[in-house]
Structure formats: structure tokens, C-alpha cells
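Asks: sharing a model that was predicted from the sequence below.
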Protein chains: 2
Amino acid sequence: MLETTIAAIRPADESAMAAARELHGRLTKPAGSLGLLEDLSVRLAGLAGACPPPLPEPAAVAIFAGDHGVHAQGVSPWPQEVTGQMIGNFLAGGAVVNAFARQAGASVTVVDVGVAHPLPSDAAGPDRAGLDAAGPDSAVLDPAVPRLVVASVRRGTRDLAVTAALTRDEALAAVQTGIRIADELIDAGARILLTGDMGIGNTTPAAALIAAFTGADPLDATGRGTGVDDPTYAHKVAVVRAALARHTPDPADPLGVLAAVGGLEHAALAGLILGAAARRTPVLLDGVIAVSAALAAAAFAPDAVGAMVAGHRSAEPGATVALRHLGLDPLIDLGLRLGEGTGALLALPVVTGAVRVLHEVATFDSAGVAEK
Amino acid sequence: MLETTIAAIRPADESAMAAARELHGRLTKPAGSLGLLEDLSVRLAGLAGACPPPLPEPAAVAIFAGDHGVHAQGVSPWPQEVTGQMIGNFLAGGAVVNAFARQAGASVTVVDVGVAHPLPSDAAGPDRAGLDAAGPDSAVLDPAVPRLVVASVRRGTRDLAVTAALTRDEALAAVQTGIRIADELIDAGARILLTGDMGIGNTTPAAALIAAFTGADPLDATGRGTGVDDPTYAHKVAVVRAALARHTPDPADPLGVLAAVGGLEHAALAGLILGAAARRTPVLLDGVIAVSAALAAAAFAPDAVGAMVAGHRSAEPGATVALRHLGLDPLIDLGLRLGEGTGALLALPVVTGAVRVLHEVATFDSAGVAEK
């Protein structure tokens, strides 16, 4: 399945990109005056192989949730139970990602790919009965009802400070879950996927992945996550540095890197990105967890970068390292460091607007406006 | 009317701001993890004098259009007729601002505050009959039907390279038109105003205003507008420098500055901002024309800055000079230089999202999520 998906990922369509550039020159605006939005719309035309590319509607957020053995090293001030509690919050519609998704008209799918503790009883309460992966297609993209998919590979990773976080088979299972979710959402009609994540401690494996794939020093790849103090931050950097020294992950073997120092949500997000790219569907990246997974996806299939849109620049320094490596410019840069998919959702109207221009704006000729 | 408006502009409500900060600390997210969105929501609580502040819906874009005598100096490669032709395009729904406004659900009001050439015949066609300033209230905020208000002070300014662009009375009339439009839109129900502009040549008076109010050198305040070549750019800077030397505008006399080196749309935008601030309604600023007008508004009433939200950082260098002077951080920074209100519209969902968090997100307590 992974090999088939990778084989389906193709380079951008140059003729569709040329058509989009040519159309931009005829629309009633000074040439180039929409700045990076013009570049974005040209990239999306290349991805779709069509000018204009389809409007990215409806949009679907996929939040992959997992826990982390490295939590035992004291890299986060939050108790591990919060991962499952926040899933309950997502399903009840009370989190920031829900508020932003309602505003954007995007559906929310929460995927338990490896939460350590049992989910709170209300997470699969009667009002959500039947809305799991086996639910009716019409419910898959309903923006009003967050949906839970249970696809747990194991109840949290092992401690990467001690041993490999995952076996290769476990990492592969998570990647394949991501591909399957991408296919399911696109089959249901989604025209853009947004990455979301939840996992107490997950910025530590993200930092390790970024250092492994880019060669950056762990000090530059590691941030303060949800907010750790100076001693905890120094410890976190040391944990990442020691893990890289212990596992010596090979960036040419992305599955091996994900298994050694990754997380289940990171692996699943890599799969989601590959699945979207294989279907020529854009995937809007959220913050540091997403871009660490995007590095893995790009290592599997370099042309997958063509499907990626960087939603925002997380306050986590590793995100900037990863975006530079991928050659992506973020659309929003407001110091967010929440995750969940919130930064991607804020950027969604920018993506939609960039595409909408190619659909709806009049040409100089049709509007009777003189050129310079 | 101007004096009454200025007198109504008050400082931010500190207790509402404190309440918003306190609420942010209880919501289910790490403290500070929404970055600048948290600061923005606190500012808007201070403006409204309430926590949470009202959602900024419905939104109304006001596009002020005017022409410029300084066009005769060859500061723009576009013919002056394009100002009126683009009004026709706005009213037909064919411009980028229309595409973005439809997406955001914002109404578009076009105000002819001083276009030089007669508007194209279709600009007031039968399907828009009755939708002028005297139209029914229900039509004022209809996002589907752009609306034209004719409030022309004169058919374009005089050439600021030769004489004062406007008399003080003309500048005052334009400012008062802006105040009147703000009142009309807010009376009709608008909860946020977005600034828009159209006027071939209008980046030249904007540069002069920015240099006059901030003390910046004309070289730093002047940009390439819709795209001028090197010799034209050097000439444009020289025109701005000579105008400042000729008129020696006094930044403590904003009406005098607007009259000497401003434009009718710049003056009207200053009025719109003052009118919104007097009604404690946020005004989302677009690009370099808007921020040059915002400097005038702040000179009239320093507390008006509390109502301003910087939508984006225009590619025009003068915009950054003005934003720094106002102490405002832009929400979007994508190299746009189109005007019309397009940058403000792209930022609107960010503003709405920032406020929505305070309305809709669960607290740790209510959601049963543990704290760190």
C-alpha cells in the first residue's frame, strides 16, 4: 500500500502552471500584485493538472492523536492523561480547533492512532454512536459533528531515550492509517486536507525527526513546546541529542527514522500527506508536528512536496528549520504554538482566496479596463 | 461633526482587557499558545469595553475612490481612466476585492469621493438602481450586491507638485464623508469596517503623508505602487520630496497635511477610521493607502489607534514605516500590493477567529482537562 501510494505521486503539471501564470497576467490587477498568493495558485494548478485548480472545498481536518514513552523523561509539564482528555474536548466541540473549524466550515476527524490511556467515557457517547469509520459517508465531512476513528497501533510509543520508539511494522501501520484516512476523506469529497495532532510530549520526537532529516543541531531543532522552563528545555535538548547518538537514524530510510525517534501521530501524518499527494489533493500543514512528518513524507517521495502548503510558521524553532528544508513559505506567522490543526485552519481562507481569484476575477478585456 | 467624532474617541477599557487575559488563562490550551491572536482579542475587548467582545460580523468593506492631479507628473504607468473603469468592475463584481468579499461574506460599498472622469454607464445600471446611499437599509450590508455611493468632493485633486492638492474645506468634506459612511454601515449592523481604496496615482500622496506624519525620508516612504520602472521610481521620490519642501506640512495639523499633499480617498479613509473608533468598532486596515490615512486619524485622535487592526503588510515600504509609527503588527505578510481592501479581507478570518476563541472554547474546568 505504501509503495503503491509513493508510485502514484507525480511531479507538477508544467502546462497547467504555465496556464495559471498566463491567466494571472490577464486579470484586472497589476501583474504580480497578489504576491505569494499568485505563486500559491500556480503551484495548486500544477498539483491538480488543471487551470484553474478546483476550489479547496470542502476542507477536512484530520487530527492524529498518540502518546509518547519519552514523556517518562520529564520533557513536558503536562500529565499524559491530557491527550485522551483533549480527544474528549475535540469530540465535544470545545477546543480551539473546533472553533476555527466551525468558522471555516471544515470537518474534524480525530484518529486515535496510539493514545496511552482509555478515552473518557463521553468520547464515544450516544450522540456520536455510529459516527466512526464505519459510519455513513454523509457524516464523514459534516462540519457540525466531530468524528472519532479508533485505529490504535499501540498505546503510546516506547521511550526513544531508551529504545526504538516503534518497530518498523508499527511505524508502517501508522503510515498506512494516514494513507487510509486521506483516501477516505477524499473519497467522501474533501478537496483539501488539513493536518492536526494531539499528543502530550510530541514536540520531542518532532525535534528528533527534524534533526534527523535536515541534519540540524538538536539545539536548533528543539523548542519549548507547550512552554517548559529553562532546565526542562536544556534536558529536552539533551534527550534529543542522546537519542540521535543512540539510534543514528538514516534520513534515506524514512520508515527507520520514524520507528527510531518518531511518534505514531507523526507517522500517520506522513501517511496522510503521501495519500493526499497521490490523489493530487493539497494538504495544508499545521505546525512543528506536521512539518516534521512532512520531512518524512518528502523522504519517501520528494514530489510529495508539491502537494504541501505551509499553513503557518509555528513559534517552535524546529518548524522554521523544516520549512526551509522543504522550501516552503508559510502563509501565517503569528507566533502560534498550539497545534491541533489551528494554524492550518487560520490559513485555509488564504488558500481558498488564492484559488478563487483564478475562478472569479474578470480579465482586462472582459471588464473593459485599460492596461498600462 | 469632526470635532464631535474626535471627542467621542476614548481610551481602551482596561477592565475588559484584564477580563480577556484572565479568560485566556482558563481556556483549554497552553497559556499564550495563540500568540498574537491572544493580544488581538485582548485589544478588541478593550475597544468594545466587553469580554468577550462582539464577533466582527457582519463585515463591511468601504472602497473610497478618487483621482490625483499629480498623475500629470507621470508617477504612474496607468491611464487615469482606470479609476472609473475599476469602479465599474467593482460594481459588476469582477475585481479581486469582490472575490475575497464574497468568500468572507462581507458587503462592498464603493464611494466616489472624487473620481476625475465620468463613471462608465454600467456603473449605475438598472440592476443597481436604488442601491445608493438613499437605498433601503437591508441593502446596505448585502454581500451579494456591491453598492455605489456618489459623494464627490471634486473631480480629482489638484497637482500637489504645483499647489495644495485640496483646500482645507475640501479635505474636511472628504473626512466627513468617511465619518458618515462609518456611521451608516455601523447603523446598518456592521461590526467591523474594512478599508478599501481605488485611485490611479494614489501611492504618491500616500508616500507624502507617511513622510509628513512620521518624519521618514521620502526615499523610505515611497514605493513602486502598481509597478514603475527605475527612472519613474526616482522621479516619484523626487516629486514627493519636492512637495514636502514646498508645502512644509505640519504633522500637528492633520487637516492641513491632508489638504497639502493628500488625496480625497485618503482623507475619507481617515474619517472612516475616526468614525469607527468613535463607535468603538474595529477597523481593519488594508495597505499603504489605508495606513497613510491611519496616520492622519491618529494625528486627529491618538486613541483612534485602539480601533485599528493592521490587516497586512503591503509590499510598499511606506506601509512598514507607517505601521511601526502606529505600533501595529500586521496579521498577513504575503507581499500583496493590490489595494482595494484585498489585504484586509484576507485578514478578516484571523480577526474573527481571535474573537471566536473567547466565545466558544471550553475551559479546563468545564471540559475536565487536567492542567500542568
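Replies: That came through, no problem.

Asks: the residue of the stretch 51-200 of chain A found nearest chain B - how many residues pack around it?
Replies: Scanning the stretch 51-200 of chain A for proximity to chain B using Cβ to the nearest Cβ identifies A:G94 as nearest, at 3.0 Å. Any C-beta I mention is one placed from the backbone N, CA and C, and that applies to glycine too. Using other Cβ atoms under 10 Å in any protein chain shown, A:G94 has 23 neighbouring residues.

Asks: before we move on, what about A:R246?
Replies: 15.

Asks: contact partners for it?
Replies: Residues counted as contacts of A:R246 (Cβ atoms under 8 Å, 6 or more residues apart in numbering or on different chains) are A:A161.

Asks: please identify which helix or strand holds it.
Replies: Per DSSP states H and E, A:R246 falls inside helix A:230-247.

Asks: quick check: buried residues in that helix?
Replies: Residues of helix A:230-247 classed as buried: A:232-233, A:236-241, A:243-244, A:247 (neighbour count, 16 or more other Cβ atoms under 10 Å in any protein chain shown).

Asks: sec struct for whichever residue of the stretch 151-300 of chain A sits closest to chain B, please.
Replies: Of all residues in the stretch 151-300 of chain A, A:T226 sits closest to chain B, at 3.9 Å by Cβ to the nearest Cβ. Classification of A:T226 using DSSP: H, G, I helix; E, B strand; the rest coil returns coil.

Asks: report the secondary structure state of the spatially closest residue to it that is not a sequence neighbour.
Replies: Among residues not flanking A:T226 along the chain, B:P30 sits closest, at 3.9 Å (Cβ to Cβ, 6 or more residues apart in numbering or on different chains). Of the three states, B:P30 takes coil according to three-state DSSP.

Asks: right, and B:P30 touches A:G339 too?
Replies: No. Counting by Cβ atoms under 8 Å, B:P30 does not reach A:G339; the two are 9.3 Å apart.

Asks: distance of the residue of the stretch 51-200 of chain A closest to chain B relative to A:V82?
Replies: For A:G94, the distance to A:V82 equals 14 Å [Cβ to Cβ, to the nearest Å].

Asks: before we move on, what about A:N202?
Replies: A:N202 is 12 Å from A:V82, by Cβ to Cβ.

Asks: show me what contacts the spatially most central residue of chain A?
Replies: The centre of chain A sits closest to A:T195, judged by Cα atoms, centre = their mean, with a distance of 3.0 Å. For A:T195, the contacting residues are A:61-62, A:269, A:272-273, A:283-286, A:289-290, A:293, A:341, A:344, by Cβ under 8 Å, 6+ apart.

Asks: contacting residues for A:A299?
Replies: A:A299 neighbours (Cβ under 8 Å, 6+ apart): A:213, A:251-252, A:254, A:257.

Asks: what's the burial count for the residue of the stretch 201-350 of chain A found nearest chain B?
Replies: Proximity of the stretch 201-350 of chain A to chain B (Cβ to the nearest Cβ) peaks at A:G335, 2.8 Å away. As a burial measure, A:G335 scores 18 neighbours (other Cβ under 10 Å).

Asks: using the three-state scheme, assign it.
Replies: coil.

Asks: ok, now the one 5 residues further on?
Replies: Using three-state DSSP, the structure places A:E340 in coil.

Asks: what pLDDT is listed against it?
Replies: Looking at A:E340, its pLDDT reads 98.

Asks: so what's the nearest residue to it once chain neighbours are set aside up against?
Replies: Leaving aside its chain neighbours, A:E340 sits nearest to A:V97 (3.8 Å; criterion: Cβ to Cβ, 6+ apart). Counting by Cβ under 8 Å, 6+ apart, A:V97 touches A:61, A:63, A:90, A:108, A:196, A:340-342, A:345.

Asks: nearest spatial neighbour of the residue of the stretch 201-350 of chain A closest to chain B, chain-adjacent residues omitted?
Replies: Nearest to A:G335 is B:G35, by Cβ to Cβ, 6+ apart, at 2.8 Å.
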